[in-house]
Each structure stands twice: as structure tokens, then as C-alpha cells.
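Colleague: Here's my sequence, what's the structure:
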Amino acid sequence: MKRPLQATLALLCALACLLPGTANAQAQGTDAPLIRHYMVLGQDYYMESGAQSARTDALILVSLDTAGNRIIFSSILRDCKVTTSGGGENKINSVYRNHGANGVAEVIKRHLDIDIEGVIVFDFNTVKDLIDALGGIDLTINESEFFMIRSILLHRDPNMPTGPGMTHMTGRIALAYMRNRSTGSGDFSRTERQRKVLAQLMNKCARLSLPDLLALYNRIQNGLHTNLDAAKLVQLMLTAYPLMSAEVVSNVIPADRTFAYAELRSSSVLAVNWKRNREALNALLYPQQTPAP
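Modeller: Numbers count the residues shown, from 1 in each chain. Down below sits the predicted model:
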């Protein structure tokens, strides 16, 4: 995957600061879609090693809705069974290892019937660094999450939470919180925790100026890879920046009662009714077009 073209990005971001109307014009121009979709893939090197062999431990469809002033985070559960471009079946979190980021985008585009502008891949340590650069985040944890964080970190961290409740998290604490898949409803609860962290990061970033956001990006850019070229990266930034303080909507795919537990090559999978999930996603994205029951 390509690295961002930093000089071009910095130049155009500076232009965006000088022309504050540029972002809205770019995002809401007559030829621009009102909702842009991007795939964000997270690799957890705590669980896997090697960029090409690693599975994706977080798969999040980020939908930037300029008309509704929303950012929609749709977690796609890692055990969803999908059909690959070659006609075979596999878990969605194995598609990146076998077909790369473009393969993931192709599968999601086909199964959900949406256009995807590009893919951004990050490793979880980058999230840790980002959280620390922003001064930490504040989240409420329950008793089970408290004990699991302590277990993951082997009770060895100077910033360890002292109990359940509102907790100020460093990047390392937040990473343990996101990695927890043993409490709650398995992957459903784990992806919910990931979305909570993302929402907190959005809230923090909303307080930064565009130059400050660019400086923050420069600190973590070595942990990010994307298939977006410089022009599309600028398009992404100009679309996303006005939405930094917008409503954050949390969503999960598959939706409730649209899947069944099954097996694929002796491995547990979610047999997803993709037609019903396309309908559910479309209803979330375009509520004004959804017929009343």
C-alpha cells in the first residue's frame, strides 16, 4: 500500500485553512456524493506478527455523511463469512492476508453494495501512540472490564485503573480495553469497545485546528498505510474535518437477527444474511428514504 505524500498533503491542508469555505464546498459540491465510505483495518501485532501474514483484528466501515452531519462507524465482525472474488468462502478477517486491502474493499463493496473510496490500515500500537499524544481518553468501565484490563497487563502498569467506573486511560490501558474479547458478548462487545475509543478520539480531535491535526498525523504516519493517493487523501481530510464535532453513530454488521452461527472448515463463523444487512445499512444511511412501517 502507498504511503501518504506528505508535502502535497501539507500544502493543500494549509490552503484549506486559508479558505475555510473549501471544506464544505468540497464535501457538498453538486458532483460529490453526500456520503463517502472508507474502510479502516486494524492489525493487532500483540496477537499476530508480520504485516503480510497478519489478520485484521478490527474492520470498521467509516461513513462520512455531510448531508446528515454524521460520522457512522460500522464494525464488521471478524468471523463474518464472505465470498471472495475467486468464488471461495472465508472469514472476512482472513481476506486481508490472502487478498490485501484492495481485496477487503472489493468484498465489502460487493456484499454491502456501496462504493468505497479507499482503505486505511493501521497497527494497534499506532492507536496507543495517538491516544498518548492526545493526553489520554476517559471511558466508563464495568467490573469485568476492570479485571480483564488488569489481567491483560499482568497487573503491571503505573496507570492501572483502581476499580470500575470512569477511568482515564493512557494508550496502553486503552489498548488492553480494546483487546478484551472475554467479557460481555464476545466480538460484539469487543467491537463496541473499539467504537467507543474511536468516538473519544473524534471528540479529542474536534478540539484541534487543522494544522494541529496535520502535526498529529505526522507523529503517527509511520504506523498508517493507505491506497489513497495525495488528492484523495486531501479529499478525505476536507470531507472529514467539518464533521469532527458532528454526531457519531455506532453500528455493527451483522445486525441483530440477521445471522446464524455455523462452521467453515472446522472453524466457527457467522453465516450472514447479507441482503438484510444491505437493507439495514441503507436504512441507517438514508433514513429519509426508508418507508414507514
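Colleague: Going C-terminal from the one helix or strand residue 217 maps to, what's the next secondary structure element?
Modeller: Assigning secondary structure by DSSP states H and E places residue 217 in helix 210-220. As assigned by DSSP H and E, the chain's next helix or strand after helix 210-220 is strand 224-226.
Colleague: Distance from that following strand to the middle of the chain?
Modeller: Distance, stretch centre to chain centre, for strand 224-226: 13 Å (Cα atoms, centre = their mean, to the nearest Å).
Colleague: Then stretch 262-271?
Modeller: Counting by Cα atoms, centre = their mean, stretch 262-271 comes out at 24 Å from the chain centroid.
Colleague: quick one: low-confidence ranges for the stretch 1-150 of the chain?
Modeller: Within the stretch 1-150 of the chain, the ranges that satisfy pLDDT under 70 run 1-32, 45-55.
Colleague: Walking through it, point out its strands one by one.
Modeller: 35-43, 58-65, 70-76, 81-83, 89-91, 118-123, 137-141 (DSSP state E, counting those that start in this stretch).
Colleague: Now do the buried residues in the longest one.
Modeller: In terms of neighbour count (16 or more other Cβ atoms under 10 Å), strand 35-43 has its buried residues at 35, 36, 37, 38, 39, 40, 41, 42, 43. Heads up, the C-betas are built off the backbone N, CA and C, glycines and all.
Colleague: Just give the strands next to that strand in its sheet, each with its orientation.
Modeller: Applying DSSP bridges, strand 35-43 is found paired with strand 58-65 (antiparallel), strand 118-123 (parallel).
Colleague: Turn those strands into a markdown table, columns for distance to residue 191 and mean neighbour count.
Modeller: Converted to a markdown table, those look like this (distance: least, Cβ to Cβ, whole Å; neighbours: other Cβ atoms under 10 Å):
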| stretch | distance to residue 191 | mean neighbour count |
| --- | --- | --- |
| strand 58-65 | 7 | 22 |
| strand 118-123 | 16 | 21 |
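Colleague: Which among the ones you listed is found nearest to residue 84?
Modeller: Ranking these by proximity to residue 84 (Cβ to Cβ) places strand 58-65 first, at 14.8 Å.
Colleague: distance of residue 245 from residue 239?
Modeller: Distance of residue 245 to residue 239, computed by Cβ to Cβ, to the nearest Å: 14 Å.
Colleague: ditto for residue 123
Modeller: In terms of Cβ to Cβ, residue 123 sits 25 Å off from residue 239.
Colleague: still on that earlier bit, which one of residue 245 and residue 239 has more residues nearby?
Modeller: Of the pair residue 245 and residue 239, residue 239 is the one with more neighbours under other Cβ atoms under 10 Å, namely 23 against 14.
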